[in-house]
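>>> need coordinates for the below:
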Amino acid sequence: VSVSAGATKDSAYAFTISVNIVLGTTAATISGATIDGPTRVEVKASDESNLQAIAGALGLGLDGNGLGGALGWNQVGITTTAGIIDATLTNVAGTVDVIAESTEADSLMDGTILAASIGAAGSSGSSVGGALSINIVTSAVSTEITRSTVTAGGLVTVTATDQSTIRALAGGVAFSYTSASSASIGAAIAVNIIGETLILDIVPGVSATVDTSTIDTDGGLEVLATSEQTIDSLTLGFAATVSNSGSGSGTGTGTDTGTSSGTDSGTDTPDTTGYGSGGSFSFTGAGSVSVNSISRPTSAEVRASTLTLGGPLVVKATDASDIFADVGAAALAISIGRGSGGSTTAAVGVAVAVNSISNSLLASLDDTDVIESSSVEVRASSATRIEALGLAGSASVGADKGTSFSGGLAFAGVVIVNIVDNTVEALVTNSSDVVSEGAVLVEASEAQTAYTITDDIRDDLTDLSFTEPDDGDTTPADEEALDLA
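Just a heads-up that it's a prediction; the model follows:
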């Protein structure tokens, strides 16, 4: 947790930088060994790394400007491997399991990365509140039986599983109340990436492989690679400005005349308060940008091997990728000009989300002889979902006392871009000889789902004005109406 705050009578500035990087390697291997006659064999590597981070900043300038900024950089790069390499396992009575898994189980909250970055500012001048949240998961999970001989009485499994989730909140908030022209800007940017290699020397992906090996078992052989990744992002920007300017004051005079006998006659003119010629301008900008990307390979392969199986051969690569991205921006500008200078307001709210999923899946039986099996299944399956919600709103209000001009601009916009570009392959290639008592299935499938909801709200209220009496004085009724506005 990283939090900074600054509050002064003048201008105040607060900024927080939070950098969190988790690196590691988890490996379980039988290498160059000979094992004879065990009841069962299990080689397992498991990782449950979590990163939870909060970055916040608050700047309050009572008689000046305010700035609050928060930067959060969170990255997880874990390599998890399990393998039987250059080994001989004979007369195994039961099963042989080679397992590598990366999960995200946590007693409090699930998520490989759980992060929040919030920047807020308030002042009697101009205010800027901003947050930048960058979250990256670069993980590699792999299992293998390579250049080995395995003889077993039960099922042989080679399984690689990865679950990666990013849950991120980024928010920027700014508020200004001033007697002069001012501006408020609230902005938030979130960048969430699963799979890309940035900075770290890690090749991301999930793979399960049998390579250049001989497997003879009374059971079957399963080579399974499963990848499940999710990005859940909420990005919000809010800003409000209230500008009240152009005020001034004047004092009326009265005269008394009378006679020496004590009789008074004359007129009194009460003190009055007027307003000067100053105008006011207020600008409010709110923005949120969310960039989310999932890109990684998942493969299950049997290469250059000889298999004699009493059960089924299953080679399966499975991927499930989900992005949930919500972006929102709201801007409010209120400007009150008490005089002939006029008031001008502008409020702009923009929300942008760019979501991309680009994965490759491969299930392959390559240059392999299946001497005996009950059935053969080579399958690659991908399920992709993107759900995006974008809301933007802006309101511009201008009010004037006198014969001044009141004008304003309100703009709100939402832009959402969703990109899905996957490659899914299931192959039996390069002179593989396959013998099966049952069915032989080679299948590649892909399902894509995208939901997008957008809305923008704009309102421009700049026709509020108040007319002075002919004598140029402000009456209590005028002041009450102005205060209500």
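>>> could you use CA atoms for every contact and neighbour count after this?
OK.
>>> can you give me the helices for the chain?
For the chain, the helices defined by DSSP state H cover 476-484.
>>> give me the neighbour count for Glu301.
25 (other Cα atoms under 10 Å).
>>> next one: Ala447
10.
>>> just give the closest residue to it, not the sequence neighbours.
Leaving aside its sequence neighbours, Ala447 sits nearest to Ala383 (Cα to Cα, 6 or more residues apart in numbering; 4.8 Å).
>>> tell me the contacts of that neighbour?
Asp319, Ala320, Ser321, Glu446, Ala447, Gln448 (Cα atoms under 8 Å, 6 or more residues apart in numbering).
>>> identify the bridge partners of it.
Taking DSSP bridges, one obtains Ala320, Ala447 as the residues bridged to Ala383.
>>> look up how far Gly153 lies from it.
Look at Ala383 and Gly153: by Cα to Cα, to the nearest Å, they are 35 Å apart.
>>> repeat for Ser176
75 Å.
>>> tell me which stretches of the stretch 351-485 of the chain form strands.
Secondary structure of the stretch 351-485 of the chain (DSSP state E, counting those that start in this stretch): strands at 360-366, 369-372, 376-401, 406-420, 423-429, 433-434, 440-466.
>>> elements contacting the shortest one?
With contacts taken as 3 or more Cα pairs under 8 Å, 6 or more residues apart in numbering; DSSP states H and E, strand 433-434 sits against strand 369-372.
>>> tell me the average confidence for the strand it packs on?
Average pLDDT, strand 369-372: 94.
>>> mind listing what's buried along that strand?
For strand 369-372, burial by neighbour count (16 or more other Cα atoms under 10 Å) applies to Asp369, Val370, Glu372.
>>> just list whatever residues bridge to the last one.
Which is Glu372. Thr308.
>>> how near is it to Arg147?
Remark: distance between Glu372 and Arg147 (Cα to Cα) = 20 Å.
>>> check contacts around Gly205.
Gly205 is in contact with Ser139, Ala140, Val141, Ser142, Gly195, Arg296, Pro297, Thr298, counting by Cα under 8 Å, 6+ apart.
>>> which residues touch the residue lying closest to Ile419 once chain neighbours are set aside?
In space, Ile419 comes closest to Ser356 once its chain neighbours are excluded; the distance is 4.6 Å by Cα to Cα, 6+ apart. Counting by Cα under 8 Å, 6+ apart, Ser356 makes contact with Asn292, Ser293, Ile294, Asn418, Ile419, Val420, Asp421.
>>> redo that, cut-off 7 Å
Listed by Cα atoms under 7 Å, 6 or more residues apart in numbering, the contact partners of Ser356 are Asn292, Ser293, Ile294, Asn418, Ile419, Val420.
>>> pLDDT weak spots in the stretch 251-400 of the chain?
Counting by pLDDT under 70, the stretch 251-400 of the chain contains low-confidence ranges at 251-281, 336-343, 398-400.
>>> now the strands for the stretch 51-200 of the chain?
Under DSSP E, counting those that start in this stretch, the stretch 51-200 of the chain gives strands at 51-61, 66-85, 88-92, 96-102, 113-123, 127-137, 140-146, 149-152, 156-178, 182-194.
>>> picking up where we left off before, quick check, nearest of the contacts of Ala383 to Asp86?
Here the nearest of those to Asp86, counting by Cα to Cα, is Asp319; it sits at 29.8 Å.
>>> contacts only, for that closest one.
Counting by Cα under 7 Å, 6+ apart, Asp319 has contacts Thr226, Ser227, Glu228, Ser381, Ser382, Ala383.
>>> need the residues you listed in a markdown table with distance to Thr161, can you?
Below are these laid out as a markdown table (distance: Cα to Cα, whole Å):
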| residue | distance to Thr161 |
| --- | --- |
| Thr226 | 5 |
| Ser227 | 6 |
| Glu228 | 8 |
| Ser381 | 14 |
| Ser382 | 15 |
| Ala383 | 16 |
